[in-house]
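Colleague: sequence and predicted structure below; questions after.
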Amino acid sequence: MKQNVKILYLDDNPMDRALIQDTLKMDRGFDVTETKSYLEFERIFKTKTFDLVLTDFNILGYEGLQVLDRVKEYDASIPVIIVTGTGTEEVAVEAMKKGASDYVLKTTNHIKRLPQTIRSVLEKIENNKKLQKIQLDLEENESSLRDLVNNTFDAIFISNEDGKYLYVNHRAVEISGYSEKELYKMRVLDLAPKNKEEEIERRIGDRFNGKNTLNIFESRLLNKSGVEIPVEIASASTIWRGIPAEIASVRDISERKKGEKALIEALEKARESDRLKSAFLAIMSHELRTPLNAIIGFSDLIKDGSISGDIFEYASIVNNSGIHLLNLVDELFDLSLIEAGRTKIEREEVVLQELLHDVHEMILIEQQKLKKTPVDIILNIPSNDTRQLIYTDISKLKQILLNLLKNALKFTSEGHIEYGYQINESNSGHSGFTFFVKDTGIGISEENKQVIFDLFRQIEDAYTREHGGAGIGLSVAKKLTDLLGGSIWIDSSYKKGAAFYFTIPDRKKKDSVSEDDLTTDKSEVSDKKLNTVLIVEDDDSSFQLMALLLKRMNLNIIRAISGKEALNICKRNPLIDLVFMDISIPEMDGYEATAAIKQVRSDIPIIAQTAHAISGDKEKALNAGCVDYLTKPIRRELLYKTIEKYGLVASKK
């Protein structure tokens, strides 16, 4: 009965130990003794016999090479395989020079092949032992040698002093792509790439001049198809049929090299990611602290009464800085929702020209804020296209256009910005739309085109500092375009302006319930005098602002700080005409409180007012019984319009 391979395994990482133990247990051909420290390893190593040692490269206080030295000092015949998560070609070469039989990267694919690697090492050692024995009487045992080497994992080549092949095994035929007959007509240099010929020729010369009797190195083998295969070569001097010869064991290490390359690329990506995140955090610090500087500075002066000048102008600065912060938070929030896959697509039909006119009004306001009035903003609509319908997510299409237009405004100091659309035609008819935003700004260099839509990327730090911005608008535009089933690209040259294009496919209108269907129709609410309002809000500053805005409408204000308190007030007070319901409140959240109030007072309109703005929160509020949904910070004009929207009349101061 074949005995299991006895392995002594050293690794101080419990997760790595568990992974490798599970892999080897599945094979059922190994008995593994596990050690967690070098001292434990040395104690067990001295008292028991093992067929193979498996060690991590990085052990607390030690290195795998120290373990390798210790094993070789005790018994040089025991093979050692080094397992590493940070291995490089230099580490592998050093390990092999010191006597390691192999090294394995800690990747899923390499760990899965660990049993095969162990057997390969043991088989190679066993084969080498047999080869050494057979070489003593090579001529008498040539038949046995052929049977042995033909079944090895590695390719075996035997050549004379001129480099002519005297013997090749089956694996040599497989790896080279040549037949056995063809190989016997070839020389060693015929399988060497041009850039390796000089090195191989030098090694052959050293071997036959007696300078080297054994050598292990990496090289490349040129196969019959012209493909260069990375190989590891172990070569030694021998005698073949009475003449000096060289025997080379050649192993295909393509998979190992792929693993090393993947490891290097992953490391480079991690470093680049860290660099980009650091740059992004620096930019975010600037973008947050700049408006906060104005908000805190001017508000402190106003509070102390030590400010001179136009207080309304300073209040306007504070307000604009707050809006800037809100826009930044919205951008980051949109990005996080997209990255988390929580962005919903809600398509509806709209007249495209009306949508573009809305966008135009918004970008003109942005132009005034940025003081970019010398730049002409031109909306280009096809003259024969007056009532073009589009079925898409309106808010996301607007956001893409606004992000591109704001980007154009930021980097255009003079000239014009032109935007519009074209209808895409195909053999089957109308197939969608191509939108464009063109500017006469600084443009984008060829190398930056490849990364302009990447997250945390900006064109140049100098331009970023000059023009401001968090540098995520284009990333959001691309991700939203992808969500809508389109594509986005850029055509630009440095200092010659930029033209952004994106497509939106034409989708047929589907039967679906829109958010408007979930909202109570205004006709269902009869006009009535509004006198008493219940504000359900546990945050004092938010309540004070809401109360101040509503008192300007000559309204009586009642406050509740929890859901249960709001329910009790509605039960006791029949004079309440309207409820503003915060969602995050103690004891009973806003959804539960709304549903409970509707059970006892179905006539009271309830409007949600919350800092939650995730896609789906509005539907939850409407389904709970709210008639509408306001997100914080609440704007005065929107508040008054919402009240009037439901037929509630109050006198405004």
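Modeller: Done, it's in.

Colleague: look up how far Arg342 lies from Leu68.
Modeller: Counting by Cβ to Cβ, to the nearest Å, the gap between Leu68 and Arg342 amounts to 51 Å. The way it works is simple: take the backbone N, C-alpha and C, and place the C-beta from them, glycine included.

Colleague: quick one: which of these two has more around it?
Modeller: Remark: of Leu68 and Arg342, Leu68 carries more neighbours, 22 against 11, as counted by other Cβ atoms under 10 Å.

Colleague: list the buried residues in the helix or strand hosting that one.
Modeller: Using DSSP states H and E, Leu68 maps to helix 64-74. If you call a residue buried by 16 or more other Cβ atoms under 10 Å, then helix 64-74 has these buried ones: Gly64, Leu65, Val67, Leu68, Arg70, Val71, Lys72.

Colleague: which neighbouring elements make contact with that helix?
Modeller: helix 38-47, strand 52-56, strand 80-84, helix 89-98 (3 or more Cβ pairs under 8 Å, 6 or more residues apart in numbering; DSSP states H and E).

Colleague: what is the mean pLDDT for that helix?
Modeller: On average, the pLDDT along helix 64-74 is 83.

Colleague: so what are the sheet partners of the top strand by length along the chain and their directions?
Modeller: Longest strand in the chain by number of residues (criterion: DSSP state E): strand 228-240. If you go by DSSP bridges, strand 228-240 pairs up with strand 214-222 (antiparallel), strand 243-252 (antiparallel).

Colleague: in the longest one, which residues are buried?
Modeller: Under the neighbour-count criterion of 16+ other Cβ under 10 Å, strand 243-252 has Ala245, Glu246, Ile247, Ala248, Ser249, Val250, Arg251, Asp252 buried.

Colleague: out of the strands paired with strand 228-240, flag the one nearest Glu361.
Modeller: Proximity to Glu361 (Cβ to Cβ) singles out strand 214-222 among those, at 64.9 Å.

Colleague: and the contacts of that closest one?
Modeller: Applying Cβ atoms under 8 Å, 6 or more residues apart in numbering, the contact partners of strand 214-222 are 89, 93, 96-97, 175-176, 191-193, 196, 199-200, 203, 207, 228-236, 250, 253.

Colleague: CA atoms only for that strand - export them in CSV, please.
Modeller: What follows is strand 214-222, C-alpha atoms only, in CSV (Å, rounded to 0.1, in the frame of the first residue of the first chain):
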residue,chain,number,x,y,z
LEU,A,214,25.6,22.1,-12.5
ASN,A,215,23.6,25.1,-13.3
ILE,A,216,20.0,26.2,-12.8
PHE,A,217,18.7,29.3,-14.6
GLU,A,218,15.7,30.7,-16.4
SER,A,219,15.6,31.3,-20.1
ARG,A,220,13.3,31.1,-23.1
LEU,A,221,12.6,28.3,-25.6
LEU,A,222,11.6,29.1,-29.1
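
Colleague: buried stuff in that strand?
Modeller: Neighbour counts over strand 214-222 (16+ other Cβ under 10 Å) mark Asn215, Glu218, Ser219, Leu221, Leu222 as buried.

Colleague: and the third one, bridged to which residues?
Modeller: The one in question is Ser219. Going by DSSP bridges, Ser219 forms beta bridges with Val231.

Colleague: now it: how far from Pro230?
Modeller: Counting by Cβ to Cβ, the gap from Ser219 to Pro230 is 8 Å.

Colleague: the helix or strand harbouring Ile156 - contacts with which helices or strands?
Modeller: In the assignment (DSSP H and E), Ile156 maps to strand 155-159. Packing partners of strand 155-159 (3+ Cβ pairs under 8 Å, 6+ apart): strand 165-168, helix 170-176, strand 243-252.

Colleague: so where's the stretch 51-200 of the chain shaky on pLDDT?
Modeller: Across the stretch 51-200 of the chain, the ranges flagged by pLDDT under 70 are 60-63, 87, 136-146, 149.

Colleague: phi, psi of the residue nearest to Tyr419 when sequence neighbours are not counted?
Modeller: Nearest residue to Tyr419 in three dimensions, chain neighbours excluded: Val437, at 4.4 Å (Cβ to Cβ, 6 or more residues apart in numbering). Taking degrees, to the nearest 10, you get phi -140, psi 110 for the backbone angles of Val437.

Colleague: just use 2 as the starting number from now, easier for me
Modeller: Understood, numbering begins at 2; the last thing we discussed is Val438.

Colleague: please tell me I have it right and Val438 contacts Leu403.
Modeller: No. Shown here, Val438 and Leu403 do not form a contact pair, counting by Cβ atoms under 8 Å, at 10.0 Å.

Colleague: returning to what we had before: make JSON lines from the buried residues of strand 244-253 and add pLDDT and distance to Ser322 to it.
Modeller: Formatted as JSON lines, those follow (pLDDT from 0 to 100; distance: Cβ to Cβ, whole Å):
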{"residue": "Ala246", "pLDDT": "88", "distance to Ser322": "84"}
{"residue": "Glu247", "pLDDT": "87", "distance to Ser322": "79"}
{"residue": "Ile248", "pLDDT": "87", "distance to Ser322": "79"}
{"residue": "Ala249", "pLDDT": "89", "distance to Ser322": "74"}
{"residue": "Ser250", "pLDDT": "90", "distance to Ser322": "73"}
{"residue": "Val251", "pLDDT": "91", "distance to Ser322": "70"}
{"residue": "Arg252", "pLDDT": "91", "distance to Ser322": "66"}
{"residue": "Asp253", "pLDDT": "91", "distance to Ser322": "64"}
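
Colleague: can the helices and strands packed on helix 65-75 go into TSV with extra columns for mean neighbour count?
Modeller: Listed next are those as TSV, based on neighbours: other Cβ atoms under 10 Å:
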stretch	mean neighbour count
helix 39-48	15
strand 53-57	24
strand 81-85	24
helix 90-99	15
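
Colleague: any chance of those in CSV, plus distance to Trp490?
Modeller: Output for the helices and strands packed on helix 65-75, formatted as CSV (distance: least, Cβ to Cβ, whole Å):
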stretch, distance to Trp490
helix 39-48, 57
strand 53-57, 47
strand 81-85, 42
helix 90-99, 39
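
Colleague: go through these and name the closest to Glu349.
Modeller: Of those, nearest to Glu349 by Cβ to Cβ is strand 81-85, at 56.4 Å.

Colleague: same for the closest one, what does it pack against?
Modeller: Strand 81-85 is packed against strand 53-57, helix 65-75, strand 103-106, helix 115-136, with contacts defined by 3+ Cβ pairs under 8 Å, 6+ apart.

Colleague: what pairs with the third one, parallel or antiparallel?
Modeller: Strand pairing for strand 103-106, determined by DSSP bridges: strand 81-85 (parallel).

Colleague: surely Ser236 meets Phe209?
Modeller: No. In this structure Ser236 lies outside contact range of Phe209 using Cβ under 8 Å: 11.3 Å.

Colleague: on that earlier part again, to Gly626, which of the helices and strands packed on strand 81-85 lies closest?
Modeller: The nearest among those, by Cβ to Cβ, is strand 103-106 at 58.7 Å.

Colleague: okay, and Arg18 sits in which element?
Modeller: Using DSSP H and E, Arg18 falls in helix 15-28.

Colleague: for that helix, buried residues please.
Modeller: Neighbour counts over helix 15-28 (16+ other Cβ under 10 Å) mark Arg18, Leu20, Ile21, Thr24, Leu25 as buried.

Colleague: so Tyr502 is in contact with Ile489, correct?
Modeller: Yes. Using Cβ under 8 Å, Tyr502 is in contact with Ile489, at 7.0 Å.

Colleague: from the middle of its chain, how far away would the helix or strand in which Ile297 is found be?
Modeller: Assigned by DSSP H and E, Ile297 belongs to helix 255-305. Mean C-alpha position of helix 255-305 versus that of the full chain (Cα atoms, centre = their mean, to the nearest Å) differs by 14 Å.

Colleague: same thing with stretch 117-129?
Modeller: What separates the centre of stretch 117-129 from the centre of its chain is 40 Å, taken as Cα atoms, centre = their mean.

Colleague: what about Glu593, neighbour count?
Modeller: Residue crowding around Glu593 was assessed by other Cβ under 10 Å; the count is 15.
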